[in-house]
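Trainee: Structure for the following, please:
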Amino acid sequence: MSEDHSFSRRIPPGDTLLRRVCDTCGFVDYENPKIVVGAVVRQGEQVLLCRRAIEPRHGFWTIPAGFMELNETAEEGARREAREEACADIRITGLLAVYSIPRISQVQLIYVAELTGGFAPGPESLEVRLFDWDDIPWDELAFPSVHWALRHRREVWEKTACAPFVNPPGMLGDAFPGC
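Mentor: Numbering: from 1, shown residues only. The predicted structure follows:
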């Protein structure tokens, strides 16, 4: 699209929702949810968590995860995020969960993975650690979906693959307002 096009919100012919439509040529600029990919990474009986060095939720713990990039598979994105946030190489063994978070227009694909080497904080992490289950800082987790993913992983701890989980009943990811 050239920069001289202007857009207005209207319902295009054959559609039912307001969309951004080019006033010159009629191009419909569809705005769609963002896809987040990540993994609950294990090494033995421990899980890998990253303390966020960026907003939102700076200083809180999360699993390695982030937005998918163009031209990559979801699995490639999850491996890339583990490298970026934890300088970690991982082996993905299955899909753990698909979470829908409509408040922030996200769909999250969370994988089961094993750590295959060392780890260290990447540029988006203040600290990276392996935690025993009883030592996970539950009150310092960044997002509801991190809670869900860790608990869902625990439910299938001895398995490498399972039918994917979805949001817990009645939960749409808005337990932490403003993030």
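Trainee: drop to CA atoms for contacts and neighbour counts, all remaining ones
Mentor: Will do.
Trainee: residue furthest from the geometric center of the protein?
Mentor: residue 24 (36.7 Å; C-alpha atoms, centre = their mean).
Trainee: The nearest residue to it once chain neighbours are set aside: neighbouring residues, count only.
Mentor: Nearest residue to residue 24 in three dimensions, chain neighbours excluded: residue 5, at 6.3 Å (C-alpha to C-alpha, 6 or more residues apart in numbering). When neighbours are counted by other C-alpha atoms under 10 Å, residue 5 registers 12.
Trainee: Kindly report the same for residue 66.
Mentor: Residues near residue 66, counting by other C-alpha under 10 Å: 21.
Trainee: for residue 135, same thing?
Mentor: Counted by other C-alpha under 10 Å, the residues lying close to residue 135 total 9.
Trainee: what about it, distance to residue 43?
Mentor: According to C-alpha to C-alpha, to the nearest Å, residue 135 stands 15 Å off from residue 43.
Trainee: same thing with residue 59?
Mentor: 23 Å.
Trainee: for the residue nearest the centre of the chain, what are its contacts?
Mentor: By C-alpha atoms, centre = their mean, the chain has its centre lying nearest to residue 36, at 3.5 Å. Contact analysis of residue 36 by C-alpha atoms under 8 Å, 6 or more residues apart in numbering lists 65, 66, 67, 68, 106, 107, 108, 109.
Trainee: if we go to 6 Å?
Mentor: Counting by C-alpha atoms under 6 Å, 6 or more residues apart in numbering, residue 36 makes contact with 66, 67, 68, 108.
Trainee: now do residue 62
Mentor: Counting by C-alpha under 6 Å, 6+ apart, residue 62 makes contact with 49, 50, 141, 142.
Trainee: List the ones among these that fall in helices.
Mentor: Secondary structure defined by DSSP state H assigns none of the contacts of residue 62 to helices.
Trainee: Show me which of the residues you listed are buried.
Mentor: Buried members of those, scored by 16 or more other C-alpha atoms under 10 Å, are 49, 50, 141, 142.
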